[in-house]
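Engineer: coordinates for the following, if possible.
(4 chains)
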Number of protein chains: 4
Amino acid sequence: MKKIAVLTSGGDAPGMNACIRAVVRTAIFKDIEIYGISYGYEGMMKGQIKRMHSYSVSNIIQRGGTMLKSARSDEFRTKEGRKKAYDQLTNLGIEGLIVIGGDGTFTGAKVFFEEFGIPTVGCPGTIDNDIYGTDYTIGFDTAVNTALEAIDKIRDTAAAHDRIFFVEVMGRDSGYIALECGIGGGAEFVMIPETATDLKQVTKSLKNLRKSKSSSIIVVAEGDEEGGADEIMEKVKTKINDPEKEFKVTTLGHIQRGGNPTARDRVLASRCGMAAVEGILSGEKNCMAGIVNGEVTYTSFEDCITKTKNLKDDHLKLIEILSI
Amino acid sequence: MKKIAVLTSGGDAPGMNACIRAVVRTAIFKDIEIYGISYGYEGMMKGQIKRMHSYSVSNIIQRGGTMLKSARSDEFRTKEGRKKAYDQLTNLGIEGLIVIGGDGTFTGAKVFFEEFGIPTVGCPGTIDNDIYGTDYTIGFDTAVNTALEAIDKIRDTAAAHDRIFFVEVMGRDSGYIALECGIGGGAEFVMIPETATDLKQVTKSLKNLRKSKSSSIIVVAEGDEEGGADEIMEKVKTKINDPEKEFKVTTLGHIQRGGNPTARDRVLASRCGMAAVEGILSGEKNCMAGIVNGEVTYTSFEDCITKTKNLKDDHLKLIEILSI
Amino acid sequence: MKKIAVLTSGGDAPGMNACIRAVVRTAIFKDIEIYGISYGYEGMMKGQIKRMHSYSVSNIIQRGGTMLKSARSDEFRTKEGRKKAYDQLTNLGIEGLIVIGGDGTFTGAKVFFEEFGIPTVGCPGTIDNDIYGTDYTIGFDTAVNTALEAIDKIRDTAAAHDRIFFVEVMGRDSGYIALECGIGGGAEFVMIPETATDLKQVTKSLKNLRKSKSSSIIVVAEGDEEGGADEIMEKVKTKINDPEKEFKVTTLGHIQRGGNPTARDRVLASRCGMAAVEGILSGEKNCMAGIVNGEVTYTSFEDCITKTKNLKDDHLKLIEILSI
Amino acid sequence: MKKIAVLTSGGDAPGMNACIRAVVRTAIFKDIEIYGISYGYEGMMKGQIKRMHSYSVSNIIQRGGTMLKSARSDEFRTKEGRKKAYDQLTNLGIEGLIVIGGDGTFTGAKVFFEEFGIPTVGCPGTIDNDIYGTDYTIGFDTAVNTALEAIDKIRDTAAAHDRIFFVEVMGRDSGYIALECGIGGGAEFVMIPETATDLKQVTKSLKNLRKSKSSSIIVVAEGDEEGGADEIMEKVKTKINDPEKEFKVTTLGHIQRGGNPTARDRVLASRCGMAAVEGILSGEKNCMAGIVNGEVTYTSFEDCITKTKNLKDDHLKLIEILSI
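Structural biologist: Residues are numbered from 1 along each chain as shown, chains lettered A, B, ... in the order given. Now for the predicted structure:
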């Protein structure tokens, strides 16, 4: 293999740039020509593909976002669309593809590989941490810390006024971010999709808060079955029915997607990026390079997409015990 | 004067603790007994008043929130309520009062002074920076930087996906926070209550964005006459009517009220706190200690409440010119 | 067991407070009386031991440092000293001990257990990450991120002036911190005690830096055999002997020991703290509760002290490849 | 005037990029061709001058460092050197020059203007805040906050171990940074060049620290007449002569020069940059555009270089009173 290309797709995540950098410099180190595709699969179809060099990725390791941009592509979901993309790659003689994104990205990559056979290796880039085949995804640690810093600030103002704050965090259909920053933020409760939320219990506890604990924080994952933070706050407020208690809601939103990546995300991104290139050069394909138990692991796109990662048992117990 | 008391009231602001610390230690330095009142005017009526010492305020200079807490008080708006408060103070022999808060706090202080004559000096504690008699209020610099860090993160994700983001910041009825973080965040537009928002112009500009500028940030002050960020986004989206453009909204909310105070807020809080005590001991009363043009200035509560501070002329021009 | 005590010892590390909180609340949750010992073993001998409650640990999860303080104790190294400590514990009926610290702390705990038989379980609290029996120590992630933020700032000024910066980070005799922030900071080289530092190679590379890469950062672990950053800078400067190249040194020092703990450190601290109490109540003793491969693991103090954790193979390779 | 150029010179400071951006976009807004000179006066002599556009300065407002780089230039101190520079400017038809830097930069600009008459307007870019003609310099607020965050972290570890920390901060021959972060960091003492440092008094106070205040922080400006933090620590340690007290030193170094600029620095940089261009187009020359008492002010280079700004009276008093 002498020419490979790299793209980022799906929701952006801090650390994607560090991953691109690792891919580019590992390729160059091994005398492989490396091309960057802008705007994900959409750009691949349109031929927005450019040669990259060592200096192309200077000073990006600490930047959030992705220098290659990202975009949705409805056309890539069609056979014609993917044929266009294939033609663009073969025109330039590109023989391998590195895709950085979430399982939406890997779904597209899997189909593309099955149709056209261009070896593809992925890197797990998403803040949601809901990808099987890697303990952590690139961007998760940063998103959790961003949410946690916000919760620390909310704690200041909640304590000043004895308020109960419902804070909504991202996560799509998973509760990873909510659980981590719930534990780290000393939350009373964390409401996540993976476990049934018992509003009766929440209400009961809030009514009986320890006298010296007049302010509380409840973290809500955006995918919780009882709704978002706004909805849940209204439900709880109604059940509690106590005019003395003040309720507020904050939805953290897109700040969780940006910002300089943390050390963990930069190292994870670098390890995965290097492993993806080394993998593709030694025959890996149709799989993702992730880190499991500290070691580089290649997991088929199929498994990444279909299998589920379990939450840690003691995490939920921690919330219950440590908020007394 | 041998005994004074201090309280915090209104919305909390980062730097209030640094101000309390300055008040307490300046009093002690001058051999005055200092008492801390918890929960603002409400606590003053209930007698939640405790003696404070040097060590009471150790290690709080960097903390957000207020160790004396804050609370609304409907009862203090009544003559009977204020009589209760007065009795509590005279019971302990308290001869002077330092109040840290916004103009709601000063309104209450002014009425209280006019009725009972206890000398009162205020310190400007609010993130909104809308108090006359001081160039900056305690908490404003921190709130602006918190909003700015959030906007920097949003910029990463906006650029990755070519989106137009509407970001709502606090400010009650003023545009100070919006303007400062609009300039600092390189926003396309800043919508503030002080100037009429021309949605036609906003729409026209967004339609004609420089080709290389595919993502934009528009900062909206919560008090803008066209509504909050949600409302304005919908109005603009409808006017633009272009399915290719993606719009998102983030409301920063209460994170702007918390967090460790910046250097400016700690120094401002310390200067105001010390000046308030020195002022009250040298006869100042019914006024606020603020900093104007770098110097300590005492301004009557009356003026603080009724007069308006002007925005800087070149600030709005900056937004227009620097976003090209 | 009905009464246990907790102390922190050795160099402080961010997350120690979160660990104390987890120990205290887990104990209370399980109806165990929990005592806090101030100033480590020194305080244990002097009887600086106080009952703790749920509210004792409110609002400390995000604070750096340790509310129980820490101190060296020469006297505890003597049999008489340890006898005093034992008497203090038995006076209060304390039947179990949780010690949060590094292997110096565990060495003392092991000897104390062997002499007096009070069950003791440890939690790994040190920024150096050099303790066997846990993938990460409490405080490591925060220290790495602190060093990394500093390196990001140095990168700005290095690039502005085309300078070569030698940055010294902590780590005692290990290179964990240096390696992580070297990778995350995009350093040219990382000099650590675990591998021989070849100054000839460093010199050669710096002479031949890619034309577009005129500024560089070299991370030096404080325990490197060639000396600290000052020494190494002088050696390299002499070897390079080029008046056009500018060299600077920054020793990050004690900022790496403080600051609010990151999310990872708070969660790790909470898991270890809870596991230590659950462990001691179910018969664990003379061991440390750590997290290995994501799961709670109890490792004998003996192994913690004598065995060595290996650095990851690909980490050093990353530095070489990604700095081209 | 149809063509102007801009350069950055001297020590880099956070906010320089925001200033460059304001200069570039204000020029373009007013239909002026704008050129960027790299590497300061050195680059001006070598003709490292390139046309700049609106997109040249996209996404730099939040970046530390300077995209135009900076360098010393011994040759520019000679008549021949300056002649070369003049020729480079006239070759391109450049009629005006904006220089962003400290008084070293203005000294060079003043001489250059007197010799060749090209209108030059400066912007105050240095972290030291020691330039007359502006209340604050671009980069000062960020440097103070960087130092303050470091001091907050040191406070954690100092308190954990009851240590006395000497922290050295930048400032060249002035004590501005030391004073601001001394007040904001709750330091015991601040040692600055502007006032005689009485080591006897420092020693006496440290010996008699309030019993509950066992840890202290002393901020030392690098230009203090008693030496740097290392030297002063040794002197004080010797005088105190108490083996129970532990002393540590941290020299913050170059982290104070980098990092993302704060809100104040971005707004100040933007205001000064825009004012410099507006000024040069309306006839200002041989002067600096600064902000005094909130308003744009033009001050001759002569005054900037020769006159001194006074420290605020109450600042030193604050340190004394608030550290009791």
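Engineer: from the contact counts, what lies against the longest helix seen in chain A?
Structural biologist: Criterion DSSP state H: the longest helix present in chain A is helix A:140-161. Judged by 3 or more C-beta pairs under 8 Å, 6 or more residues apart in numbering or on different chains; DSSP states H and E, the packing partners of helix A:140-161 are strand A:163-169, helix A:176-184, strand A:216-221, strand A:246-251, helix A:263-281, helix C:263-281. To be clear about C-beta, it is placed using only N, CA and C from the backbone, and glycine gets the same treatment.
Engineer: what packs against the third one?
Structural biologist: Pointing back at strand A:216-221 there. Partner elements for strand A:216-221 (3+ C-beta pairs under 8 Å, 6+ apart): helix A:140-161, strand A:163-169, helix A:176-184, strand A:189-191, helix A:229-240.
Engineer: out of these, deepest packed?
Structural biologist: Neighbour counts (mean count of other C-beta atoms under 10 Å in any protein chain shown) averaged over each of the helices and strands packed on strand A:216-221 peak at helix A:176-184, with a mean of 29.
Engineer: next up, the contacts around residue A:260.
Structural biologist: Residues in contact with residue A:260 (C-beta atoms under 8 Å, 6 or more residues apart in numbering or on different chains) are A:14, A:62, A:63, A:64, A:142, C:152.
Engineer: out of the residues you listed, which comes closest to chain B?
Structural biologist: Nearest to chain B among the contacts of residue A:260: residue A:64, at 3.6 Å, using C-beta to the nearest C-beta.
Engineer: does the closest one sit in a helix, a strand or a coil?
Structural biologist: Local secondary structure at residue A:64 is given as coil here, using DSSP: H, G, I helix; E, B strand; the rest coil.
Engineer: chain center to the helix or strand hosting residue A:109: distance?
Structural biologist: Using DSSP states H and E, residue A:109 sits in helix A:103-116. Average the C-alpha atoms of helix A:103-116, do the same for its chain, and the two points are 19 Å apart (C-alpha atoms, centre = their mean, to the nearest Å).
Engineer: what about stretch A:3-13, start to end distance?
Structural biologist: Terminal residues of stretch A:3-13 are spaced 26 Å apart (C-alpha to C-alpha, to the nearest Å).
Engineer: hmm, that stretch touching chain B?
Structural biologist: Yes: interface with chain B: stretch A:3-13 contributes A:8, A:12 (C-beta under 8 Å from any C-beta of the partner chain).
Engineer: now that stretch: mean pLDDT?
Structural biologist: Mean pLDDT, computed over stretch A:3-13, is 96.
Engineer: can you pull the residues of the stretch 201-324 of chain A lying near chain B?
Structural biologist: With C-beta under 8 Å from any C-beta as the criterion, the stretch 201-324 of chain A meets chain B at residues A:248, A:249, A:250, A:251, A:252, A:253, A:254, A:255, A:256, A:257, A:258, A:259.
Engineer: any residues touching the helix or strand following the helix holding residue A:109, and which ones?
Structural biologist: Per DSSP H and E, helix A:103-116 leads on to strand A:120-124 as the next helix or strand towards the C-terminus. Identification of contacts with strand A:120-124 by C-beta under 8 Å, 6+ apart yields A:19, A:23, A:96-102, A:105-106, A:109, A:112-113, A:131, A:133-134, A:137-138, A:269, A:272-273, A:276-277, A:279-280, A:284-290, A:298, A:301, A:304.
Engineer: and the helices and strands packed on helix A:140-161 as JSON lines, adding mean pLDDT?
Structural biologist: Shown next, in JSON lines, are the helices and strands packed on helix A:140-161 (pLDDT from 0 to 100):
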{"stretch": "strand A:163-169", "mean pLDDT": "93"}
{"stretch": "helix A:176-184", "mean pLDDT": "94"}
{"stretch": "strand A:216-221", "mean pLDDT": "92"}
{"stretch": "strand A:246-251", "mean pLDDT": "92"}
{"stretch": "helix A:263-281", "mean pLDDT": "98"}
{"stretch": "helix C:263-281", "mean pLDDT": "98"}
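Engineer: make a markdown table out of those and add distance to residue B:127.
Structural biologist: Formatted as a markdown table, the helices and strands packed on helix A:140-161 follow (distance: least, C-beta to C-beta, whole Å):
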| stretch | distance to residue B:127 |
| --- | --- |
| strand A:163-169 | 16 |
| helix A:176-184 | 24 |
| strand A:216-221 | 20 |
| strand A:246-251 | 15 |
| helix A:263-281 | 31 |
| helix C:263-281 | 26 |
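Engineer: check what contacts the helix holding residue A:109 and list those residues.
Structural biologist: By C-beta under 8 Å, 6+ apart, helix A:103-116 touches A:9-10, A:40-41, A:73, A:76-77, A:79, A:82, A:85-86, A:97, A:99, A:118-120, A:122, A:125-126, A:130-131, A:285-286, A:288, A:301-302, A:304-305.
Engineer: list the buried residues in it.
Structural biologist: For helix A:103-116, a neighbour-count test (16 or more other C-beta atoms under 10 Å in any protein chain shown) marks A:103, A:105, A:106, A:107, A:108, A:109, A:110, A:112, A:113 as buried.
Engineer: of all those residues, which comes closest to residue A:312?
Structural biologist: residue A:103 (20.7 Å; C-beta to C-beta).
Engineer: excluding its backbone neighbours, what's nearest that closest one?
Structural biologist: Closest residue in space to residue A:103, ignoring its immediate chain neighbours: residue A:305 at 4.8 Å, by C-beta to C-beta, 6 or more residues apart in numbering or on different chains.
Engineer: tell me who's in contact with the one you found.
Structural biologist: If you count contacts by C-beta under 8 Å, 6+ apart, residue A:305 has them with A:103, A:106, A:107, A:110, A:132.
Engineer: dump those residues into a markdown table; add pLDDT as well.
Structural biologist: As requested, the contacts of residue A:305 are arranged in a markdown table below (pLDDT from 0 to 100):
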| residue | pLDDT |
| --- | --- |
| A:103 | 91 |
| A:106 | 97 |
| A:107 | 96 |
| A:110 | 97 |
| A:132 | 96 |
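Engineer: can you lay out the residues you listed as a markdown table showing distance to residue C:225?
Structural biologist: Listed next are those as a markdown table, based on distance: C-beta to C-beta, whole Å:
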| residue | distance to residue C:225 |
| --- | --- |
| A:103 | 46 |
| A:106 | 45 |
| A:107 | 50 |
| A:110 | 49 |
| A:132 | 43 |
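Engineer: tell me the one of the residues you listed nearest residue A:314?
Structural biologist: Nearest member of these to residue A:314, counting by C-beta to C-beta, is residue A:132, at 20.4 Å.
Engineer: is it true that the closest one touches residue A:299?
Structural biologist: Yes: using C-beta atoms under 8 Å, residue A:132 is in contact with residue A:299, at 6.9 Å.
Engineer: can you get me a residue count around the closest residue to residue A:162 other than its chain neighbours?
Structural biologist: The shortest distance from residue A:162 to any non-neighbouring residue, by C-beta to C-beta, 6+ apart, is to residue A:214 (4.0 Å). For residue A:214, the number of neighbouring residues by other C-beta atoms under 10 Å in any protein chain shown comes to 16.
Engineer: so residue A:214 sits in a helix?
Structural biologist: No: counting by three-state DSSP, residue A:214 is not part of a helix but coil.
Engineer: if I look at it, how far off is residue A:96?
Structural biologist: 59 Å (C-beta to C-beta, to the nearest Å).
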